[in-house]
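1. got a predicted structure here, sequence first:
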Amino acid sequence: MDFSLSDDQTMMQDIVKRFISQEYGFETRQSLLTTKQGYSEDMWQTFAEMGWLALPIDDQYGGLGGTIIDTMLLQIELGKGLVLEPFFATAIHSASLLSKVANDDVKQQWLPKIAAGETKFAVAYAEQNSSFQVTQCATSASVTGTGYLLQGKKCVVLGAPSADQLLVTANTDTGLGVFVVDPSLAGISFNNYATNDGHRAAEITFDQVEVLTSARLDSGTNAQSAFDASRDEAIVALAAEALGIMQKLLAATGEHLHTRQQFGRKIGEFQVLQHRVADMFMALESTQSLLYYAALKIASNADDRNRATSMVKVKLAQTSRLVGQTAVQLHGGMGITDELDVGHYFKRLTCINALMGSGDQHMQRLLNHAA
Amino acid sequence: MNISFTPEELLFRDQVRDFLNKRAPAAVKHKQTAGLRLDKHDMVAWQQSLFEEGWAGINWPVEHGGSGWNATQKYIFFDEASKANMPRIVPFGLNMVAPVIYKFGNEEQQKRFLPDILSSKVWWCQGYSEPNAGSDLASLSTKAELQGDHYFVNGTKTWTTLAQYADWIFCLVRTDNSGRKQQGISFLLINMNSPGISLQPIITIDGQHEVNEVHFDNVQVPANNLIGEEGKGWTYAKVLLTHERTGIARVAESKQRFCLLQARIKELQDTPDQPHVNSVFMARVMAVEIDLVSLEYTELRVLSSIATGNAPGPESSILKILGTELQQAIDELFLDLSGLHALPFVPDQYSLGYAGDNLEPHYAANTAPHYYNNRKVSIYGGSNEIQKNIIAKQILGF
């Protein structure tokens, strides 16, 4: 039994930490937030140079072949920086899905480009009435002479406004299919917007969009299992990001209690507030434990992997709310101002909760598995 | 024990319904039903329609133009108004400063201020909190020095809700530093147009401008704007705070929002794949419904024990805590019901005349900003931690 990190892992962690504290401070982040793009292309290139975009990708496809533990460590630190770059959409979710659903040629075509920061992807899977059961997919891909005709609408596609390519789920004659689609094709329209945590997303309408047969990466149970496995990896990455945020909120709240004076003393002297911070601390420690558990189960069979990721997502739904809400409450009115970083961490935590299935959905998945 | 309505009360309920159907402003009703943001004009129009009816001074004594309603009538009114989707009454004038003026102000002040408050002609805001006086409100340091027949006011008030609309502000100011900190506080009414007052908007994490910092730089205030005696402001404010806390429970509003939630759930249950509405979620909805019934009966018990016109006691702290926790629990259910669709941030979608693409379901993109903004309710009006201190000390005797 050994939970300690390797020297390489500790070194990487230190580098990311230093980058975030020196190059990605809150003020930098807030100024990126107000740009049209909502993030910095220069930062993205830096991410590429640092090897972070390559980290989760296999070395045979231009990546660094990092493990899920490496990704987890990176995400914890990026979480602390509240980074706005579409890292999750491209380097986590899309890269993972591509590597599981595509054949070798397609992987050779795209993964090195993701690793090098040349191409960004977004996964268009959610719909008006489907965000978790991806097989309940109203978007259709009907067979034509040369390929498929896509018809349907996708919702809240993270990273879509800046994506060079889309991975689109659609129903085919052989079950759920995953397609790689150029967003500039005729018949595709975007409604871009910011999400309330400052990221960018879009609703995408596919109206009689013609794609070639080769655009279909896979379909049926293979595509379904690939999607499911990539979602479980995405959950680990999101939970890690959330953990980083919670660590930051715990530290900020502790500091506030040590400085803010009311009733002639530091408010941290009130035991009732000390206990609230102790609750935050326990919440994030228990999240961290389940995060490790889920990360270590990611290579197991689908049932065990699903069970472990659902557990961490259910736990996160409770703890992220407790930590976020307590941090805001103990900061008083300042906690909900745009000016202070605390509210922005709180918002990102809230959005993470809604991604890749809510706590309730994962609790239901656990109950279904147990039945 | 009897909670059924008498024939007279049922008649009153019909009168309220008739008013809400026929004479409450249609434009406000439309916005409320469509989930659009209200502006100052809407809020004033709604309150003026109540004034026309003689119903603006719901808690006021009859001699000052109050409605003269008993606790049951008030309950019926708020219940019906919420069911009709009407907004709450902006509390600063009608429910906060007015009771202080009619209880502690002199006759001249009552004549000068109360009619315009009753008719919502004048908008008031509250100058209590300061950057260094939040939970410890009595440590406030905005200073008012008497020179001749004027006070000169210097300092900063914060979290001042809708000060950008306000004509007047009621302030707690420090007139004396010598004794206990509560004893040097006075209650002063200040015209917002006075030279030396400046506003600094505070933008909250939902992107809205609702609260402000108000700066006072040598603001000259006539001495006859002082309520009651110098140094008694804290006593007056405590009366006001207990009023504020009872209103803060917002039971009728929570009931209305819960009904709306149930309607949304019903819509989603009718669509084929709606994993948000699973049995785990529904168990949480039911738990909130149980708390709602409990809170409603707690409020009824408190109201029935308060003789009309008397200030509520420390029980109002129970209502404040449970009421705000319930509001926040309902916010969470709306948020979780919306799932991924809560993520888009499109505040313009909730303005009248928005011409862009509406995201569906329409309410979803407003659930997160609402959830964020409403974290304030457990902070303001005396944080819930402070309320627990009051319960422990004043009710339980610790």
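-> Great, that's in hand. Numbers count the residues shown, from 1 in each chain, chains lettered A, B, ... in the order given.

2. list the helices and strands the lengthiest helix in chain B packs on?
-> Across chain B, the longest stretch assigned as helix under DSSP state H is helix B:279-305. Helix B:279-305 is packed against helix A:359-370, helix B:71-83, helix B:251-269, helix B:315-338, with contacts defined by 3 or more Cβ pairs under 8 Å, 6 or more residues apart in numbering or on different chains; DSSP states H and E. For every residue, glycine as well, the C-beta is placed using N, CA and C.

3. is it true that residue B:33 touches residue B:84?
-> No. Residue B:33 is beyond contact range of residue B:84, at 9.6 Å (criterion: Cβ atoms under 8 Å).

4. what number of residues lie near the closest residue in space to residue B:294 that isn't next to it in sequence?
-> For residue B:294, the nearest residue in space outside its immediate sequence neighbours is residue B:322; the separation is 7.7 Å by Cβ to Cβ, 6 or more residues apart in numbering or on different chains. One way to gauge burial is a neighbour count; for residue B:322, by other Cβ atoms under 10 Å in any protein chain shown, it gives 20.

5. OK, contacts around residue B:322?
-> Shown in contact with residue B:322 (Cβ atoms under 8 Å, 6 or more residues apart in numbering or on different chains): B:249, B:291, B:294, B:295, B:298.

6. reformat those as CSV; add distance to residue A:211 and pLDDT.
-> Below are the contacts of residue B:322 laid out as CSV (distance: Cβ to Cβ, whole Å; pLDDT from 0 to 100):
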residue, distance to residue A:211, pLDDT
B:249, 57, 81
B:291, 51, 97
B:294, 56, 95
B:295, 55, 94
B:298, 61, 89
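
7. okay, the helices and strands packed on helix B:279-305, which one's buried deepest?
-> Among those, ranked by average contacts under mean count of other Cβ atoms under 10 Å in any protein chain shown, first place goes to helix B:315-338 (a mean of 22).

8. any idea of the angle that one forms with helix A:359-370?
-> 60 degrees (axes from the mean of the first three to the mean of the last three Cα atoms, to 10 degrees).

9. can you give me the mean pLDDT across helix B:315-338?
-> Helix B:315-338 shows a mean pLDDT of 95 in the predicted model.

10. any idea which helix or strand comes after that helix?
-> Per DSSP states H and E, helix B:315-338 leads on to strand B:344-345 as the next helix or strand towards the C-terminus.

11. so for that next one, mean pLDDT?
-> 97.

12. is chain A within reach of that strand?
-> Yes. On the criterion Cβ under 8 Å from any Cβ of the partner chain, strand B:344-345 is in touch with chain A at B:344, B:345.

13. now do the longest helix of chain B against helix B:251-269, angle only.
-> Using the same axes, to 10 degrees, the inter-axis angle of helix B:279-305 relative to helix B:251-269 is 160 degrees.

14. from the chain's centroid, how far away is helix B:279-305?
-> Relative to its parent chain, helix B:279-305 has a centroid offset of 20 Å by Cα atoms, centre = their mean, to the nearest Å.

15. tilt between that helix and helix B:71-83?
-> Compare the direction of helix B:279-305 with that of helix B:71-83 by the same axes, to 10 degrees and you get 150 degrees.

16. follow-up on the earlier one: from the contacts of residue B:322, which is closest to residue A:50?
-> Of all the contacts of residue B:322, the one with the least separation from residue A:50 (Cβ to Cβ) is residue B:291, at 49.0 Å.

17. just checking, the closest one touches residue B:329?
-> Yes. Judged on Cβ under 8 Å, residue B:291 makes contact with residue B:329 at a distance of 6.9 Å.

18. how about the strands in the chain?
-> Using chain A. Ranges of strands in chain A, per DSSP state E, are A:121-124, A:140-143, A:147-158, A:165-172, A:175-181, A:188-195, A:200-212, A:216-219, A:261-262, A:265-266.

19. can you look at chain B instead?
-> Under the criterion DSSP E, chain B carries strands at the ranges B:124-127, B:143-147, B:150-161, B:168-174, B:185-191, B:197-203, B:209-222, B:226-227, B:344-345.

20. closest to residue A:194 out of the ones you listed?
-> Here strand B:344-345 is closest among the strands of chain B (Cβ to Cβ), at 5.0 Å.

21. which other helices and strands does the closest one contact?
-> Helices and strands in packing contact with strand B:344-345 are listed as strand A:188-195, helix B:364-373; criterion 3+ Cβ pairs under 8 Å, 6+ apart.

22. output the helices and strands packed on helix B:279-305 in a markdown table, with distance to residue A:262 appended to each entry.
-> Formatted as a markdown table, the entries for the helices and strands packed on helix B:279-305 read as follows, by distance: least, Cβ to Cβ, whole Å:
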| stretch | distance to residue A:262 |
| --- | --- |
| helix A:359-370 | 34 |
| helix B:71-83 | 34 |
| helix B:251-269 | 30 |
| helix B:315-338 | 18 |
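
23. residue A:199: which of those helices is closest?
-> Of all the helices and strands packed on helix B:279-305, helix B:315-338 comes closest under Cβ to Cβ, at 16.7 Å.

24. which parts of the stretch 101-250 of chain A sit against chain B?
-> For the stretch 101-250 of chain A, the contact set with chain B under Cβ under 8 Å from any Cβ comprises A:126, A:128-133, A:136, A:155-156, A:191, A:193-197, A:201, A:203.

25. residues touching the one residue in the stretch 51-200 of chain B that gets nearest to chain A, list them.
-> The shortest separation between the stretch 51-200 of chain B and chain A is 3.8 Å, found at residue B:136 (distances taken as Cβ to the nearest Cβ). The neighbourhood of residue B:136, defined by Cβ under 8 Å, 6+ apart, consists of A:262, A:263, A:264.

26. now for the first one: which residues touch it?
-> Shown in contact with residue A:262 (Cβ under 8 Å, 6+ apart): B:133, B:134, B:135, B:136, B:139.

27. if we go to 10 Å?
-> For residue A:262, the residues meeting the contact criterion (Cβ atoms under 10 Å, 6 or more residues apart in numbering or on different chains) are A:270, A:332, B:132, B:133, B:134, B:135, B:136, B:137, B:139, B:386.

28. could you chop the chain up by domain?
-> I'll assume chain A. Residue ranges for the domains of chain A, per automatic domain parsing: A:7-115, A:121-218, A:222-370.

29. right idea, wrong chain: chain B
-> According to automatic domain parsing, the ranges for chain B are B:7-89, B:124-231, B:249-395.

30. roughly how far apart are the nearest residue to residue A:276 once chain neighbours are set aside and residue A:318?
-> Here the nearest residue to residue A:276 in space, its sequence neighbours aside, is residue A:326; by Cβ to Cβ, 6+ apart that works out to 5.4 Å. With distances defined as Cβ to Cβ, to the nearest Å, the gap from residue A:326 to residue A:318 amounts to 12 Å.
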